[in-house]
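Student: Any chance you could fold what I've pasted below:
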Amino acid sequence: MADKILVFRRGSIGDAIVSLPALAVLKSRFPEAEFRILTNAPVMNVAAPVESLLGGSQFATKFYSLPPGGGSLGSIISLARTIRKWNPDQIFYLSEPSSPPSLIREFLFFKACGAKKISAMPYGAEQRRYRRKADELWESECERLLRIVDAPDNPERSSWLEFTAEEKQDAASILEEGMSAGRYIAFSIGAKLPDKDWGDENWSSVLNAITQADRALGIILIGAVDERSRAFGLVQKWHGPILNLCGETEPRLSALVMEKTLFYLGHDSGPMHLAAMINVPCVAIFSARAKPGVWFPEGDGHRIFYPWHMAGTVTDKAGFRTAGNSIASIRTEEVIDACLTLVSRE
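Tutor: Below is the predicted model:
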């Protein structure tokens with residue numbers, strides 16, 4: 001009988017994407033196993049959940065969702081009983097580590113789910129901290145997850161996520177009907193938290209400079225439905241074709257629509273990770289919420305803007321923190337230069 005493996009991963013699409021390499025490793029180790037995912041509703045209700053990316057993929061046949069805000073004791077017991085009926089053989093902890101008291105509660109919950117083995121629980125400091133790399137960079141959350149599952153290398157991207165022929169055709173149809181420009185970029189305002197938001201004035205300056213440099217260039221707006229009006233307001237002076245897909249496409253389809261863009265422009269967000277996943281260069285704006293590198297887009301060729309002067313004050317522990325007004329130190333002129341360099345490439 002095939003193994004039953006439950007993977008624990010909280011968060012939204014960005015969290016799901018950085019988990020893909022570790023999931024691919026587990027899938028290669030247990031090719032016949034049935035995988036299910038235990039997740040939660042995103043902290044920000046407008047953020048796309050993990051299931052919106054991994055639903056229907058090779059990594060999950062079913063999803064279990066933790067009650068919002070932790071839920072009542074009754075709801076937690078009910079969920080544990082539901083999972084126990086499935087009778088998982090093993091649980092893998094592929095989420096950002098909780099606090100030590102919460103880890104104890106999570107361990108007890110996993111035992112209540114009937115798991116015969118619990119793997120990658122981040123008990124030790126090494127599992128809870130990011131390691132320093134060269135050139136002031138720290139290992140990414142993706143690399144930390146690979147480390148805790150003892151993976152020697154990052155697997156090929158072809159094993160990360162599979163798209164169906166129907167999804168590819170849907171993306172092609174959207175572009176054929178809505179984007180008349182031969183060259184276009186993707187933009188997402190995508191900051192769900194105030195300390196990750198660079199501000200409309202900065203974005204307007206950058207977008208206006210890009211469209212002045214290439215008046216025929218198109219732009220695709222990617223994001224949630226609540227970002228639709230704001231994103232469209234920022235491109236009122238855009239000269240080329242505009243395709244506003246905020247709230248119109250699910251994450252998997254958004255990724256495919258961005259596949260042939262010159263580059264992605266925007267905040268550190270789920271759409272940024274979607275673009276990087278399909279090898280699109282990113283011009284990404286970061287606050288000092290985490291050590292430099294932890295949430296940077298995977299791959300090469302990205303232009304990253306980070307408050308480097310604050311890097312030494314940021315903790316190397318995984319988990320939530322606020323970043324104050326650190327993002328305000330990033331200068332529009334530098335971002336414009338990076339964008340125009342990419343626009344000028346043939």
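
Student: Buried ones in the longest helix seen in the chain, by neighbour count?
Tutor: Assignment by DSSP state H gives helix 13-29 as the longest helix of the chain. Within helix 13-29, the residues that qualify as buried are 13-27, counting by 16 or more other Cβ atoms under 10 Å. The C-beta positions use only the backbone N, C-alpha and C, and glycine is treated the same way.

Student: Let's see it as CSV, backbone CA atoms only.
Tutor: This file holds the C-alpha atoms of helix 13-29, laid out as CSV (Å, rounded to 0.1, in the frame of the first residue of the first chain):
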residue,chain,number,x,y,z
ILE,A,13,1.1,31.7,-3.0
GLY,A,14,4.5,33.0,-2.3
ASP,A,15,4.9,30.5,0.6
ALA,A,16,3.7,27.7,-1.7
ILE,A,17,6.2,28.6,-4.4
VAL,A,18,9.2,28.6,-2.2
SER,A,19,8.1,25.2,-0.9
LEU,A,20,8.0,23.7,-4.4
PRO,A,21,11.6,22.5,-4.6
ALA,A,22,11.3,20.7,-1.2
LEU,A,23,8.0,19.2,-2.3
ALA,A,24,9.6,18.0,-5.5
VAL,A,25,12.3,16.3,-3.5
LEU,A,26,9.8,14.6,-1.3
LYS,A,27,7.8,13.5,-4.3
SER,A,28,10.9,12.0,-5.9
ARG,A,29,11.6,10.1,-2.6
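
Student: and the gap between Glu156 and Glu34?
Tutor: Separation of Glu156 from Glu34 (Cβ to Cβ, to the nearest Å): 23 Å.

Student: If you count surrounding residues, which of these two has more?
Tutor: Glu34 (17 against 9; other Cβ atoms under 10 Å).

Student: Contacts only, for the more buried one.
Tutor: When contacts are counted by Cβ atoms under 8 Å, 6 or more residues apart in numbering, Glu34 touches 2-5, 61.

Student: Now do the phi/psi pair for it.
Tutor: Dihedral pair for Glu34: phi -90, psi 120, per degrees, to the nearest 10.

Student: Ile285 now?
Tutor: Dihedral angles (degrees, to the nearest 10) for Ile285: phi -110, psi 120.

Student: how about CSV for the contacts of Glu34, with distance to Ser75 and neighbour count added?
Tutor: What follows is the contacts of Glu34, written out as CSV (distance: Cβ to Cβ, whole Å; neighbours: other Cβ atoms under 10 Å):
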residue, distance to Ser75, neighbour count
Ala2, 30, 10
Asp3, 28, 15
Lys4, 23, 21
Ile5, 24, 23
Thr61, 23, 13
